[in-house]
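>>> Generate a structure from the sequence data that follows.
(one chain, ligands or ions: 1)
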Amino acid sequence: MEIDVFTLFPPAFAWFEGQRHVANAIASGLRLGYVNYRDHTPLSSGQVDDTPFGGGAGMVLRVDVVEAALQARYGRDPVKLRTERRVIALTPGGRVLDDALVDELAGEPALTLLSGRYEGFDERVLEHLATDRVSIGRYVLAGGELAAMVLCDAVLRKLPGALGHEESAVEESFSRALDGAPEYPHYTRPAEYRGWTVPGVLLSGHHARIRDWRLEQSRRRAAGEPG
Ligand SMILES: C[S@@+](CC[C@H](N)C(=O)[O-])C[C@H]1O[C@@H](n2cnc3c(N)ncnc32)[C@H](O)[C@@H]1O
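Now for the predicted structure:
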């Protein structure tokens, strides 16, 4: 898989790349690249934004700047690029990222993520240069970098080789394996701590009963019942 993140702050991703599952995914063939809008702006002095038509606070990321960065990276008309790869604008009002969307994106051979800043993108970026608008939740962050990392983190966990074989993304909260329900509770040693005990079934060694108990806990959590 290939992921390109367009951002004004590529160094923000240094910590992210050091995370074990990200490093594993890269070692297993993921190509994670960054494009700084400022490196390709056709405007003088590295300008990438401008004041909003109609007035109002803040600055808006310009459509010509985003287009120039896409053109420089892919060497073709960004409008046509949309037939070849998902170009995802990260924006608070977009489709909210959930496990189904993560699965969908993990199945793509290539993704382009557009991180915004300031007041966000000129609307023509969303209309003409992006294929998707994705939000990581109904709140507003200062920039798209954390949103890009959240999306990449969730997608990369689904890629073969990203997680060690002792971990698995197959049976996790919201996965198909659990019918979209939250995951069941986990416990480890000590079996009793301050009088807080572990459910006896987990100590029974009876795999079928443990499985039934876990699925029941998961169903109860989905129904909003206490676990
Ligand atoms: C300060 S926000 C712009 C908010 C915009 N004026 C609005 O009210 O929707 C700047 C950038 O951060 C990113 N961003 C902020 N919150 C986000 C969220 N919940 N999901 C995805 N991206 C987000 C987007 O890339 C956005 O262009």
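>>> tell me which element the residue of the chain found nearest the ligand falls in.
Nearest residue of the chain to the ligand: residue 116, at 2.1 Å (C-beta to the nearest ligand atom). In this view, the C-beta of every residue, glycine as well, is placed from N, C-alpha and C. Per DSSP states H and E, residue 116 falls between elements, in no helix or strand.
>>> which residue packs closest to it, ignoring adjacent ones?
In space, and not counting its chain neighbours, residue 116 is closest to residue 144: 4.7 Å by C-beta to C-beta, 6 or more residues apart in numbering.
>>> so the residue of the chain closest to the ligand touches residue 92, yeah?
No - when contacts are counted by C-beta atoms under 8 Å, residue 116 is not listed as touching residue 92 (9.3 Å).
>>> With neighbour numbers in mind, choose between those two.
More crowded of residue 116 and residue 92, by other C-beta atoms under 10 Å: residue 116, with 28 against 18.
>>> Return the residues in contact with that one.
Contact analysis of residue 116 by C-beta atoms under 8 Å, 6 or more residues apart in numbering lists 61, 89-91, 143-144.
>>> Off-centre distance for the longest helix anywhere in the chain?
Determined from DSSP state H, the single longest helix within the chain is helix 207-222. Chain-centre distance of helix 207-222: 28 Å, with C-alpha atoms, centre = their mean, to the nearest Å.
>>> what does stretch 126-144 give?
Distance of stretch 126-144 from its chain centroid, counting by C-alpha atoms, centre = their mean, is 11 Å.
>>> Identify each buried residue in the lowest-mean-pLDDT helix or strand in the chain, please.
None of the helices or strands of the chain scores lower by mean pLDDT, DSSP states H and E than helix 20-27, at a mean of 93. Residues 21-22, 24-25 are the ones in helix 20-27 that count as buried (16 or more other C-beta atoms under 10 Å).
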